[in-house]
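> coords please:
(2 chains)
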Amino acid sequence: MTNKDYEDIPGTFVFDADRSREGYHLNQFCISLRLQKNRDVFKVGEEAYLDKFPMTAMQRAAVLARDWNRLLELGGNIYYTSKLAANDGINFQHLAGLMTGMGVEEYRKMMLNGGRSIDGNRYKSEWENK
Amino acid sequence: MARITAGVGCSHVPAIGVAMDTGITEQPYWQPVFKGFEFSRKWIAEKKPDVIFLVYNDHCTAFDASCIPTFALGAAAEFHPADEGFGPRPVPVVKNHQKLASHIAQSLILDEFDLTIMNEMEVDHGLTVPLSIMYGEHGPDDDWPCLVIPLAVNVVQYPAPTGNRCFQLGKAVRRAVESFPEDLNVMIFGTGGMSHQLQYKRAGLINPEFDTMFLDQLTSDPVGLSKMPHVEYLREAGSEGVEMVMWHVMRGALDDEVTEIHRHYHVPASNTAVGHIILENKTN
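Okay, here's the model as predicted:
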């Protein structure tokens, strides 16, 4: 495999071909919720709907638990997992509040104050003593 | 002949579309975002482009994980706004200049850019929000004031095409446009950005110094800027900030020397730094 020079960025998954392969069925499930007719079926029975997508048991559990960070760790990509969030009435900013562990209000406040600074957030080594 | 007269760079933050669609652009949160588009709307109403070549990215709407073309050119007669999970945006159907699109597709492939050609495609906020930004409110029964040729660029799955490849593609688009016999005023849009990260524990990253450098160098050193490696975008501008490579297609299609006639930068719109620039060719 090629050298992944982007693996030392903290708090970040780069959705490369390996992640895409690992998350394929999970992501295809998520994107299916783009359409109302599919959301209607999912709403009636989540387990039965998930049976149509051959994802791993861990991915399936993370979907049912709405464990947003775990979904990314297991190959999910934010543009896909955000469709599951949208299905639950959760928008991008709300989702970011959950993924960062800050909570919605504190996250919103951070964005109004100019967002998360780049200082101290470039390299994994900078997060080690946090 | 057809010619490219100007380039526009702008963010495509979905919440900008939502703010316009729900009529809340005058709220204090949104007012400073839209203030920076007032000049642009007057400018484009005066310049009246016949066709916009719109470089954008699809957000798993027309292309889910099953098919990931690096460059996909819209050749269909029209493109309907897609349902992205909340119903389609209430904006006009996007109409193509099909003859020019076919000509560009043919020219680009012979120029060694191996495009995907889309004869059926829905378009998402990546394409419609920049049109809303530039043209203001238009309802679904309206028409956009110009024809649009969409070029979708993969920036979702790493790696996106390199900045240099995008820049070179812009040059090829210009050659294609200038070899089309009809007298047309064509503009090119590069969209997406600026710094933002939507995912995981570093979500909310904003880097105004990086964004300002990027906007400055579009005019002063576009070739140098186009050589920036992906890891620098990912680290400095956030994992979703890499979509700024699309601006290089726009820049590559313009003259070496351009005049920056407008710039707007604001933080935040939702999770994102909003950036916008208008560049005109000096030879116009």
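
> quick one, what contacts residue B:217?
B:224, B:225 (C-beta atoms under 8 Å, 6 or more residues apart in numbering or on different chains). (Each C-beta comes from the backbone N, C-alpha and C, glycine too.)

> if you set the cut-off to 6 Å instead, what comes out?
Contacts for residue B:217 (C-beta atoms under 6 Å, 6 or more residues apart in numbering or on different chains) come out as residue B:225.

> what score does it have for pLDDT?
Looking at residue B:217, its pLDDT reads 98.

> can you pull the buried residues of the strand or helix carrying it?
Using DSSP states H and E, residue B:217 maps to helix B:208-220. Using 16 or more other C-beta atoms under 10 Å in any protein chain shown as the test for burial, helix B:208-220 gives B:208, B:210, B:211, B:214, B:215, B:217, B:218, B:219.

> likewise stretch B:223-237?
The neighbour-count check on stretch B:223-237 (16+ other C-beta under 10 Å) flags B:225, B:226, B:228, B:230, B:231, B:233, B:234, B:235, B:236, B:237 as buried.

> now do stretch B:36-45
Across stretch B:36-45, burial judged by 16+ other C-beta under 10 Å covers B:36, B:37, B:40, B:43, B:44.

> ok, now stretch B:2-21?
Neighbour-count burial for stretch B:2-21 flags B:2, B:4-21 (criterion: 16+ other C-beta under 10 Å).

> number of nearby residues for the residue lying closest to residue B:257 once chain neighbours are set aside?
Spatial nearest neighbour of residue B:257, excluding adjacent residues (C-beta to C-beta, 6 or more residues apart in numbering or on different chains): residue B:282 at 4.8 Å. Counted by other C-beta atoms under 10 Å in any protein chain shown, the residues lying close to residue B:282 total 11.

> cool, and residue A:80?
A count of nearby residues for residue A:80, using other C-beta under 10 Å, gives 27.

> can I assume it sits in a helix?
Yes: looking at residue A:80 with DSSP: H, G, I helix; E, B strand; the rest coil, it is inside a helix.

> show me what contacts it?
Applying C-beta under 6 Å, 6+ apart to residue A:80 gives the contacts A:27, A:30, A:31, B:60.

> mind putting the buried residues of stretch B:36-45 into CSV with distance to chain A and pLDDT?
Converted to CSV, the buried residues of stretch B:36-45 look like this (distance: C-beta to the nearest C-beta, whole Å; pLDDT from 0 to 100):
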residue, distance to chain A, pLDDT
B:36, 17, 98
B:37, 20, 98
B:40, 24, 98
B:43, 28, 98
B:44, 28, 98
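
> the residues you listed in helices, which ones?
Counting by DSSP state H, the part of the buried residues of stretch B:36-45 found in helices is B:40, B:43, B:44.

> and of those residues, the nearest to residue A:62?
Comparing those against residue A:62 with C-beta to C-beta picks out residue B:40 as the nearest, at 42.7 Å.
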